[in-house]
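# sequence below, structure please.
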Amino acid sequence: GQEPLALFLFIFVLFLTEALPLAVTTLLVIPLASLLQLAPLKTLLQPFASPVLFLLLGGFLLAGAILQSGLARRLTFLVLLRIGATARRITLGIVLANVLLAFLIPSTTARAAILLPPCLSIIELFRDRPCRKFAANLLLTLTTTCSTISAGILTGTITNPVVNEFLNQQGMPSYSYLEWLELGLLPALLLTFGSWALIQKLYPPESSLIPGGKLYLRQELEKMGPMDRRQKKVLLVFLLAIFFWMTGDLFQIDATTTCLASALLLLLPGVGGLSWKEAASHINYDILLVAGGGISLGNLLMENGTAAWLANRAFACFSLQGASPLLFLAVVLLLCQFLHIFFVGTTVMCTTLIPIVLALSLRAGFPARLAAYEAGMIISGGPVLMFYCTTPSILVHGTGKLPADAFLRTGIPISLLACLIYILWGLWLF
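Residues are numbered from 1 along each chain as shown. As a prediction, this is how the structure comes out:
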């Protein structure tokens, strides 16, 4: 009916204008939907007990452990030193560090916060010579590949588990950690290294050599000293978590259970991987509330037929009647990719668009599970068009070393590359 659509449009406008904090906006869904009698209160609150929220909570705790122990910083400098200290190799090292950390830290913001200080320190090594292009290259590589690789790993970013939750709500099987990895890692890697290559072409470094680059990396590692017991414990727990994520189907252990158990293991007094005081500072309650409220709104759209109505309108608008899989995927993925320009953050975008994509795919006769997966991948992997599209981009733009137009200059070709890769990948999976 009209009331769910009016609520959706009201919340959508608040999301776009950021008139209220995002967490407040998503929480508004609950009282407004209840007052309008769109669903029972118990149904509206159910998403806040979703496994997705507890997967995110466990992820925040694990991220806290790897940050507080200094393990993430150590791994980053080891990768950079191993790759080499020429300008191109340093940017490639940032890509590889992003790939490695994506398996360990389920937050693009946390990964960017780890990698940004080393990047700024490397840029400062050029203090006596101009390095505007190299600075733009390095910072764009950091924020872009932080997002692109996330699409291929279930725990790489918040958006991916949200897609799974919508599939569950519609009675469809969700993707296990290993299944998501098997289907998504290759296209995510192709987009990650393709994006890096495009950035090298658009912002070639002024100099191929970084003055004192290798010396700086060695000095930073020497300051850290050898790996201590705490770092070894955290690393061991992370390796165990990854093992059970990879073999979850075999042992009948889901990703949420593995994530929470690993995080709680680190919090045990005898282990000493993380104190609760440290852990609490890494829990992003805004994200938890946005995810819960967003899923509640999405479920409301699906159950009241609003998503189906929107899908029918889009179906007619784009003449998708009898459309081939190629045309269907092209329309959906191009829309999802270039709608990034209207959204701040991928979680809100995912909770807004995935219910519509599900309804649209059911209307078109395209496998709904695959359509949601493809749309989720491009939503989580493609927020590259503007600096406000994702928090890592806001962080690097805030350094003052990366102008806003640089995002658009690299974002448009990277967006087109993303659409091409995921369209072809979707056709192959179809």
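# phi, psi of the residue nearest the centre of the chain?
Among the residues of the chain, the one closest to the centroid is T157, at 3.3 Å (C-alpha atoms, centre = their mean). As for T157, its main-chain torsions (degrees, to the nearest 10) stand at phi -160, psi 160.
# residue contacts, the nearest residue to it once chain neighbours are set aside?
Counting by C-beta to C-beta, 6 or more residues apart in numbering, T157 lies nearest to S150, which is 3.8 Å off, once chain neighbours are set aside. Glycine gets a C-beta too; all of them are placed from N, C-alpha and C. Under the criterion of C-beta atoms under 8 Å, 6 or more residues apart in numbering, the neighbours of S150 are 102, 108, 156-157, 159-160, 188, 380-381.
# what's the closest of these to G292?
Each of these was scored against G292 by C-beta to C-beta, and T159 proved nearest at 14.4 Å.
# count of residues packed around that closest one?
The number of residues packed near T159 is 26, by other C-beta atoms under 10 Å.
# before we move on, what about D254?
17.
# ok, it to T155 distance?
12 Å (C-beta to C-beta, to the nearest Å).
# could you do G225 as well?
In this structure, G225 and T155 are 30 Å apart, going by C-beta to C-beta.
# what of V79?
V79 sits 20 Å away from T155, taking C-beta to C-beta as the criterion.
# cool, and T391?
T391 sits 17 Å away from T155, taking C-beta to C-beta as the criterion.
# please apply the same query to P21.
Taking C-beta to C-beta as the criterion, P21 is separated from T155 by 26 Å.
# try L429
Distance check for L429 against T155: by C-beta to C-beta, it reads 21 Å.
# got it, and I341?
Relative to T155, I341 is positioned 27 Å away (criterion: C-beta to C-beta).
# neighbour count: these two, which is higher?
Relative neighbour count places T155 above the other of I341 and T155, with 29 against 14, counting by other C-beta under 10 Å.
# pLDDT score for that one?
According to the model's per-residue confidence, T155 sits at a pLDDT of 87.
# and the closest residue to it other than its chain neighbours, what does it touch?
Leaving aside its chain neighbours, T155 sits nearest to P106 (4.3 Å; criterion: C-beta to C-beta, 6+ apart). Applying C-beta under 8 Å, 6+ apart, one finds that P106 lies in contact with 55-56, 59-60, 62-63, 155-158, 259.
# which SS class is L20?
Using DSSP: H, G, I helix; E, B strand; the rest coil, the three-state assignment for L20 comes out as coil.
# confirm the residue nearest to T155 sits in a helix?
No - counting by three-state DSSP, P106 is not found in a helix; it is coil.
# could you measure from it over to A87?
Computed with C-beta to C-beta, the distance linking P106 and A87 is 30 Å.
# and if you look at C419?
29 Å.
# same check, this time on D228
Shown here: D228 relative to A87, a distance of 33 Å by C-beta to C-beta.
# of those two, which one has the most company?
Between D228 and A87, A87 has the larger neighbour count (other C-beta under 10 Å), namely 24 against 13.
# contact partners for the nearest residue to that one once chain neighbours are set aside?
Counting by C-beta to C-beta, 6+ apart, A87 lies nearest to P205, which is 3.7 Å off, once chain neighbours are set aside. Under the criterion of C-beta under 8 Å, 6+ apart, the contact partners of P205 comprise 87-88, 91, 131, 133-134, 137.
# I am finished for the moment; much appreciated.
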